[in-house]
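[1] Structural data only, the sequence is not supplied:
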């Protein structure tokens, strides 16, 4: 028998090596928690649905328990479904579980590496987080109540005049609140080009960064494709240019006002002081402030939409909430934060809105391990993606009986704020996981919680939520489905806002007229954001 040539043997060996490596690619390594069976190369990618990944994760959580693992091409993913496991790992070992997995499209291309929510656990992230914490911590959150009350007065007045545009009104409110204390200007109209660009750009980013749309992270070789062969890379780079130009324009306007001596106190003004000491670039600063804006505006508005869906589909809850407001507040004035301790059912409505249709249905962005770790007999190598399975946690029937029923009475004995609840040692008593966990917990949760309380109390005091009807008088159903992306909201729906009482409506309009009269006394009129110095005068000027 003729001997095979050395070249032929080498070629066969190389082919065998490639085949062996390919068969191992996508295979679950030993030491990871169990999960659905994998296939070579793709791992579990073929089992991820194109939409509603959170429902599939809930199905796997029910099957595998506290944790399960997936292989998405090369990427190792561990999904956490138990409050105890989230507490033990993401909270108690946060030093090792606070990084982020790679996100080539969302972070490297669209964000230029600057997006705060996607930054790895690094000195840059810690600096940005410290600045944001100084703006949004539990002590400073109280200072923003006047901003919230002012913007809510406009929101209610807008709902009176254009009740069919509920979606736009809650988004204008949440955007204006964040632009006020981040950049020092109000968002007067949702249809303003800058405001719409914020939302439209973020929606593109959210979809491009979606868990099931990250093929270039699952198969890094795809990152090498030239731009002409990759439309998503071309669009991502263009979106980065658009975002950076927008965010930088906001930031530079603050600098111009500072130089002119006309700036009012805001986050960017304080950030410039840090920039002088730390030396970070304008591009970095623009993205930190800009993505703070998008995160704060979109998530609060999403929960206001979830609340509206619940009020329409659970009218008995709306009735009970309004009875409490009428008993505590009465018809002659709007609710205030001073009423909070007496409005426990409204507080429960806020918590239940966050639990029932969360904006961060898979934890917004996954965590990642910095170093290898072991837990419960499993080994998590460094750079393992860790997903806090918010939907499964928020719909655990042991913690929330009949979880798809909207029931604020689940929280009738829960008097903790979200931040206090997140810090509980007994994880089984936490209110919900919509704000995340560990060091990556939403930094704006104190402000968001107050915004939701005041907004929900205001709206239920003034309006009732009902089904819209079609041309035949039939009620138009309101779905509980949500949009896709790392931040989601209820799919578009129609509703009918009904004034509860003409006298209350008159008080709503009068409250906004009073605010406008005071704002008109400032140099830039109704566009003014200089609320704080004259807030006592504003309160004194109010008559209902």
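    Structure's in. What do you need? These figures come from a predicted structure and were not determined experimentally. Residues are numbered from 1 along each chain as shown.

[2] Where does pLDDT dip in the stretch 1-150 of the chain?
    Scanning the stretch 1-150 of the chain for pLDDT under 70 picks out the ranges 1-24.

[3] show me where it has helices.
    For the stretch 1-150 of the chain, applying DSSP state H, counting those that start in this stretch gives helices covering 6-24, 53-64, 83-86, 123-136, 138-141, 145-161.

[4] repeat for the stretch 301-450 of the chain
    315-328, 344-356, 390-394, 418-422, 445-462.

[5] Mind giving me the packing neighbours of the third one?
    It stands for helix 390-394. For helix 390-394, the contact count by 3 or more C-beta pairs under 8 Å, 6 or more residues apart in numbering; DSSP states H and E identifies helix 53-64 as packing neighbours. Backbone N, C-alpha and C define where each C-beta goes, glycine included.

[6] Residues contacting the helix it packs on, please?
    For helix 53-64, contacts defined as C-beta atoms under 8 Å, 6 or more residues apart in numbering pick out 33-36, 47-49, 68, 79, 81, 210-212, 361-362, 387, 389-392, 395.

[7] Flag every buried residue along it.
    Residues 53, 54, 56, 57, 58, 60, 61, 64 are the ones in helix 53-64 that count as buried (16 or more other C-beta atoms under 10 Å).

[8] I'd like those written out as a markdown table, with distance to residue 435 added.
    What follows is the buried residues of helix 53-64, written out as a markdown table (distance: C-beta to C-beta, whole Å):
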| residue | distance to residue 435 |
| --- | --- |
| 53 | 20 |
| 54 | 17 |
| 56 | 23 |
| 57 | 19 |
| 58 | 19 |
| 60 | 24 |
| 61 | 20 |
| 64 | 25 |
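
[9] Among those, which one sits closest to residue 183?
    Nearest to residue 183, judged by C-beta to C-beta, of the buried residues of helix 53-64 is residue 54 at 33.2 Å.

[10] Please tell me how far that closest one sits from residue 241.
    32 Å (C-beta to C-beta, to the nearest Å).

[11] Of all the helices of the stretch 1-150 of the chain, which one is nearest residue 404?
    Minimum separation from residue 404 across these (C-beta to C-beta) falls at helix 53-64, 11.4 Å.

[12] Measure how far that closest one is from the centre of its chain, please.
    Here the centre of helix 53-64 is set off from its chain's centre by 21 Å, with C-alpha atoms, centre = their mean, to the nearest Å.

[13] where exactly do the strands run in the stretch 301-450 of the chain?
    Listed from the start of the chain, the stretch 301-450 of the chain has strands (DSSP state E, counting those that start in this stretch) covering 367-368, 373-375, 378-380, 385-388.

[14] that older thread, any idea which of the buried residues of helix 53-64 is closest to residue 234?
    Residue 234 lies nearest to residue 53 out of the buried residues of helix 53-64, by C-beta to C-beta, at 25.6 Å.

[15] So residue 147 is in contact with residue 179, correct?
    No: assessed by C-beta atoms under 8 Å, residue 147 is found out of contact with residue 179, at 10.2 Å.

[16] Just want the most central residue of the protein.
    The geometric centre of the chain, computed from its C-alpha atoms, lies nearest to residue 299 (C-alpha atoms, centre = their mean), at 4.1 Å.

[17] out of everything not next to it in sequence, what's closest to that one?
    Closest residue to residue 299 apart from its sequence neighbours, by C-beta to C-beta, 6 or more residues apart in numbering: residue 359 at 4.6 Å.

[18] List the contacts of that neighbour.
    Shown in contact with residue 359 (C-beta under 8 Å, 6+ apart): 298, 299, 302, 303, 306, 434, 487, 488, 489.

[19] Looking at neighbours, which among those is most surrounded?
    Using other C-beta atoms under 10 Å as the neighbour criterion, residue 434 leads these with 29 neighbours.

[20] Which pLDDT value does the model give that one?
    Per-residue pLDDT puts residue 434 at 95.

[21] and it, what are its phi and psi?
    For residue 434, the backbone dihedrals (degrees, to the nearest 10) come out as phi -70, psi -30.

[22] what residues are up against it?
    Shown in contact with residue 434 (C-beta under 8 Å, 6+ apart): 303, 354, 355, 358, 359, 360, 390, 394.

[23] For the second one, grab the count of nearby residues.
    Spelled out, that is residue 354. For residue 354, the neighbour count with other C-beta under 10 Å is 27.

[24] ditto for the last one
    One way to gauge burial is a neighbour count; for residue 394, by other C-beta under 10 Å, it gives 22.

[25] what about residue 74, how many neighbours?
    By the measure other C-beta under 10 Å, the count of residues near residue 74 is 14.

[26] change the start of the numbering to 10 and stick with it
    I'll keep to 10 as the first residue from here, and by that count the last item is residue 83.

[27] Touching, it and residue 230? I think so.
    No: judged on C-beta under 8 Å, residue 83 makes no contact with residue 230 at a distance of 9.3 Å.

[28] What pLDDT is listed against residue 422?
    96.

[29] just the one 5 residues further on next, same as before
    Residue 427 is assigned a pLDDT of 92 by the prediction.

[30] show me the contacts for it.
    Residues counted as contacts of residue 427 (C-beta under 8 Å, 6+ apart) are 360, 363, 440, 444, 454, 455, 457, 458.

[31] Distance-wise, check it relative to residue 443.
    Look at residue 427 and residue 443: by C-beta to C-beta, they are 9 Å apart.

[32] State the distance from the closest residue in space to residue 127 that isn't next to it in sequence to residue 46.
    Distance criterion C-beta to C-beta, 6+ apart; nearest residue to residue 127, sequence neighbours excluded, is residue 116 at 4.0 Å. Distance of residue 116 to residue 46, computed by C-beta to C-beta: 31 Å.

[33] Between those two, which is the more surrounded one?
    residue 116 (23 against 9).

[34] Which parts of whatever helix or strand residue 254 lives in count as buried, going by neighbours?
    Using DSSP states H and E, residue 254 sits in helix 240-269. If you call a residue buried by 16+ other C-beta under 10 Å, then helix 240-269 has these buried ones: 241-242, 245, 248-249, 252-253, 255-257, 259-260, 263, 266.

[35] Same check on stretch 346-360?
    Using 16+ other C-beta under 10 Å as the burial criterion, the residues of stretch 346-360 that qualify are 348, 349, 352, 353, 354, 355, 356, 357, 358, 359, 360.

[36] now swap in stretch 487-498 and tell me
    Across stretch 487-498, burial judged by 16+ other C-beta under 10 Å covers 487, 489, 491, 492, 493, 494, 495, 496, 497, 498.

[37] what element comes up after the helix holding residue 254 heading to the C-terminus?
    Next along from helix 240-269, by DSSP H and E: helix 276-287.

[38] Residue 186 touches residue 308, doesn't it?
    No: taking C-beta under 8 Å as the definition, residue 186 is not a contact partner of residue 308, at 11.8 Å.

[39] Counting neighbours, what do you get for residue 47?
    Neighbours of residue 47 under the rule other C-beta under 10 Å: 20.

[40] give the contact list for it.
    Applying C-beta under 8 Å, 6+ apart to residue 47 gives the contacts 35, 36, 37, 53, 80.

[41] From residue 34, how far out is the residue lying closest to residue 82 once chain neighbours are set aside?
    Closest residue to residue 82 apart from its sequence neighbours, by C-beta to C-beta, 6+ apart: residue 227 at 3.2 Å. Here residue 227 is placed at a distance of 10 Å from residue 34 (C-beta to C-beta).
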